[in-house]
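Chemist: Have a look at this prediction, sequence included:
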Amino acid sequence: MPLQKRLKQGAMPALIGLFFLVTGLTPGISLAQSEVEALKEQMKALTEMMQTVQQKLAAIESKTESKESEIKEIDERLNKAEMHTETDKLAFGVELRSRADSIHYQDMLTAPPELFNSFFTPAPAGFNGATAAQIQQAIAGMAAMGMVPPAQKADIDNDIIYTNKFRLNMMAKVNDQLNFEGRLAAYKVWGDSTEVKFNSGSLGDMTFDGNTTSLPHGDTLRLERAYFNYKDQLGMVPINFSLGRRPSTDGPPLEYGNYSLEGGSPMAHLINWQFDGASLSFGLEEMTGIPGFAFKLCYGVGFESDWGNSGSLTSQSDLEDVHLMGFIATLFDNDIWSAELNYAHASDITDGFTGLTVMPFIISVDSATGAYHFTPNSSSAFISRMEPSTNIGNWDAAVLLLRSNLLEWVDWDIDLFLSMGWSHTDPTEVSQNPFWNLLGYSLLSSNGQLEEQDGYSIYAGALFPMPFNARLGIEYNYGSKYWFNFTGAEDSLIGSKLATRGQVWESYYIQPIFRDNFFLKLGGQYYDYEYTGSGNPLGKPVSISDATALDTLFPVIDEVWNLYMSATIRY
């Protein structure tokens, strides 16, 4: 009951009774006029006192009701927040990068029309309608007589090309042991949403599982990552098991140039490729006493042969799946310098990957006569679904990455890294794809010569602090003649710089506007290729300076300059 109401109902009679008790009077007794006046004054004073008490009690009542209302409001807000936490299982983050590139090719090599047209000219004057043996004999005769024309050269400029790269990051924590992470991405060129490119001989010209979100492919939102982590403890050793579409792109040390520490787990110098698989890692720091010491086993599938391909449900196909496995070891990491080792093995590498592209010509072989027929795709009207035909060999590779920050050493916030790579290829069979078979292509070999090869590469860089919290980066990498890695999903409109058989210089300036949530990047790259086929497993690399028309049926890059500027927002 409100205080004022209680006061009116019970307090007033009590005060009147108290008045008579104090004055010693009894109701009904007669008083003198002076005494009556005195009593009136006392009653007036009591009435005024009573009004004051009522006002104070009313104020207390008002404050109480206000507090009760405030507590109720806070309770409702807490209940709403608790309901939000219980029902909203995913946390989202977005990233949008808009970028402009100015690309300039110098001495782009292509086959001259007189040789290229030979494939469409009827035999015996040309190759159309001839058998593989007849074509190979004609090519060998041309080479022996010095009649193979030189490649033609031209400078090609794309003065400006704009792209947008969008990522939607997802994360959910079930409990302290189990969490989920995912990423959807779309990457498109301004003014292009076709998803399928004209094939100029690069793996980046084909839309396939390993590069769908890492290179521009229309405006489609695709799955880049989706995996869970399960954590547990085996005695002194923490373990982590993960399964799903792996975080296998933009790994160390590309995070410096990406202004982020959220890259993939494989070394970018070795693997920059989207794939599905699993990992099992062990934290060995406490057990060994070595700072940061950890070991991770990795497994993935690069190609599934028995699903969705032309020979999947036939007895004629003996194509095997492509499996990749290896390990990543953090040998030492004390936050001042670190050493990491990544080894990978791929068995039964195929002569391509299932995907879509637009080929410059279509090849068919008459099963009865063995005659080759070449049909030009001059209008680019035919989209080709490419798929592997042969397992051409095995691949082993390793990368050792050393990193350090000089802040603790010389009080300079300078980051340094050095990555050293080695690759080994073991070809086992010539490709049965009609065109590659015609040239005798296998894993880094040509003319049917199945030879094992070793390659190497180095990748180094430094980042310097600049005014206004900016960073200046300088990077350099070099790859030998037989260097081969799986980095076809590297974010580049030219081609993977870390797959280059030759050298690449890059410098960039990163200026944060609002921490790492909004920043600008200005940079330049110079590619100087020394050998053909960078990043491609098919065919023996040839020195750019010695390349003939037969080596340039698809365009071959000699040198490239690229200037770029981008604005990125992350939240």
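Modeler: The structure has been received and is ready for your questions. Numbering: from 1, shown residues only.
Chemist: Give me the mean pLDDT for the longest strand along the chain.
Modeler: Longest strand in the chain, counting residues (DSSP state E): strand 152-173. Strand 152-173 shows a mean pLDDT of 96.
Chemist: what comes up buried for that strand?
Modeler: Neighbour-count burial for strand 152-173, counted by 16 or more other Cβ atoms under 10 Å, picks out 161, 163, 165, 166, 167, 168, 169, 170. Any C-beta I mention is one placed from the backbone N, CA and C, and that applies to glycine too.
Chemist: Please save the CA atoms from stretch 301-311 in CSV.
Modeler: Presented in CSV, the C-alpha positions along stretch 301-311 are these (Å, rounded to 0.1, in the frame of the first residue of the first chain):
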residue,chain,number,x,y,z
VAL,A,301,42.6,-33.9,-51.3
GLY,A,302,43.6,-32.0,-54.5
PHE,A,303,41.5,-33.9,-56.9
GLU,A,304,38.7,-36.5,-56.7
SER,A,305,38.8,-38.8,-59.8
ASP,A,306,35.7,-40.9,-59.1
TRP,A,307,33.0,-38.2,-58.9
GLY,A,308,31.6,-36.1,-61.7
ASN,A,309,34.2,-36.8,-64.4
SER,A,310,33.7,-38.4,-67.8
GLY,A,311,35.5,-41.6,-66.7
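Chemist: Can you tell me what sits against that stretch?
Modeler: By Cβ atoms under 8 Å, 6 or more residues apart in numbering, the residues outside stretch 301-311 that reach it are 210, 273, 275-277, 312, 317, 319-324, 346, 349-350, 353-354, 387-388, 486.
Chemist: just stretch 547-563 next, same as before
Modeler: 101-112, 115-116, 139, 143, 148-153, 199-201, 493-495, 523-529, 532, 542, 544.
Chemist: where exactly do the helices run in this protein?
Modeler: For the chain, the helices defined by DSSP state H occupy 3-6, 12-23, 33-87, 113-116, 132-144, 255-258, 285-288, 407-410, 434-438.
Chemist: Which of the ones you listed comes out lowest on mean pLDDT?
Modeler: Mean pLDDT is lowest for helix 3-6 out of these, coming in at a mean of 42.
Chemist: Closest to the centroid, which residue in the chain?
Modeler: For the chain, residue 249 is the residue whose C-alpha lies nearest the centre (Cα atoms, centre = their mean; 4.7 Å).
Chemist: Test my guess that that residue contacts residue 214.
Modeler: Yes: if you go by Cβ atoms under 8 Å, residue 249 and residue 214 touch, sitting 5.6 Å apart.
Chemist: what touches both of these two?
Modeler: Common neighbours of residue 249 and residue 214 (Cβ under 8 Å, 6+ apart) are 224, 272, 274, 489.
Chemist: Mind checking which of these land in strands?
Modeler: Under the assignment DSSP E, these contribute residue 224 to strands.
Chemist: contacting residues around the residue nearest to the centre of the chain?
Modeler: Contact analysis of residue 249 by Cβ under 8 Å, 6+ apart lists 214, 224, 263, 264, 268, 272, 273, 274, 489.
Chemist: which non-adjacent residue is nearest the last one?
Modeler: Translated: residue 489. residue 214 (3.7 Å; Cβ to Cβ, 6 or more residues apart in numbering).
Chemist: Please report phi then psi for the one you found.
Modeler: Backbone geometry at residue 214, expressed as degrees, to the nearest 10, gives phi -100, psi -20.
Chemist: I'd like the distance between it and residue 277.
Modeler: Using Cβ to Cβ, to the nearest Å, residue 214 is found at 17 Å from residue 277.
Chemist: for residue 284, what are its contacts?
Modeler: Per Cβ under 8 Å, 6+ apart, neighbours of residue 284: 237, 290, 293, 294, 295.
Chemist: try residue 117
Modeler: With Cβ under 8 Å, 6+ apart, residue 117 has these contacts: residue 126.
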